[in-house]
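Q: Predicted model follows, preceded by the sequence.
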Amino acid sequence: MEINEEEEEEVSSLLDQREINPNDAPGVTEDRDPKGINKCLKVTFEDVLAEPASVRSFDKVWLWSHALFEVSRLWVYRIVSLLLAVPVALAAGLLFAVLSCLHIWLIVPSVQLLVINLHWIKVVWHNLLKIAISPFFRSFGKCCGFIRISLEKY
């Protein structure tokens, strides 16, 4: 079952329609995932559908199912992203803006105030540990350091 060149051209023309030319949109780079965050979503037809060598469908069925898979995957993604991309981006931008503002103007200054104003507590706590508690645990550790436990089977 050979594939006609005409059928290949027809399917390849369908598949080529899904290609995005980066020159069409100014400022759009070719690689939209430069850090590889969504490597798991780089799914091809062969990753989803495959026929073993022992059973095969007609070549036309295989070609057209491949074309339908690629075209439907592309257009469904485009439609869903058209509906969701702007609201999700807006929500994420607002969330990150609020979190950044809180971190910069509330959390870091509060922590710095605590560090500056509670320095004396740090000094007192350090001295308390060094003078009163540390010698007790050091002595206890030396006393218990010579204990040896051996297990024997009878």
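A: Looks like it came in fine. Quantities reported herein were computed from a predicted structural model and do not represent experimental measurements. Residues are numbered from 1 along each chain as shown.
Q: Quick check, central residue of this structure?
A: I37 (5.2 Å; C-alpha atoms, centre = their mean).
Q: Which of the three states applies to it?
A: State at I37, reduced to three classes by DSSP: H, G, I helix; E, B strand; the rest coil: coil.
Q: for V43, same thing?
A: Under three-state DSSP, V43 comes out as coil.
Q: Quick check: chain neighbours aside, which residue is closest to it?
A: Excluding the flanking residues, the one nearest V43 by C-beta to C-beta, 6 or more residues apart in numbering is R73, at 7.8 Å. (Glycine included, C-beta is placed from N, CA and C.)
Q: now the helix or strand containing the one you found: how far from the chain's centre is it?
A: Using DSSP states H and E, R73 sits in helix 59-102. Chain-centre distance of helix 59-102: 16 Å, with C-alpha atoms, centre = their mean, to the nearest Å.
Q: Helix or strand next in line after it, which one?
A: Sequence-wise, the next helix or strand downstream of helix 59-102 (DSSP H and E) is helix 108-117.
Q: So for that next one, mean pLDDT?
A: If you average the pLDDT over helix 108-117, you get 93.
Q: On the pLDDT front, check the residue nearest to the centre of the chain for me.
A: In this prediction I37 is given a pLDDT of 85.
Q: sorry, back to before: what about the residue nearest to V43, neighbour count?
A: Residues lying near R73 (other C-beta atoms under 10 Å) number 15.
Q: and the gap between it and V123?
A: The gap separating R73 from V123 is 64 Å, by C-beta to C-beta, to the nearest Å.
Q: any idea how far the residue nearest to V43 is from L63?
A: R73 is 16 Å from L63, by C-beta to C-beta.
Q: repeat for T44
A: For T44 relative to L63 (C-beta to C-beta), the value is 15 Å.
Q: I104 now?
A: For I104, the distance to L63 - C-beta to C-beta - is 56 Å.
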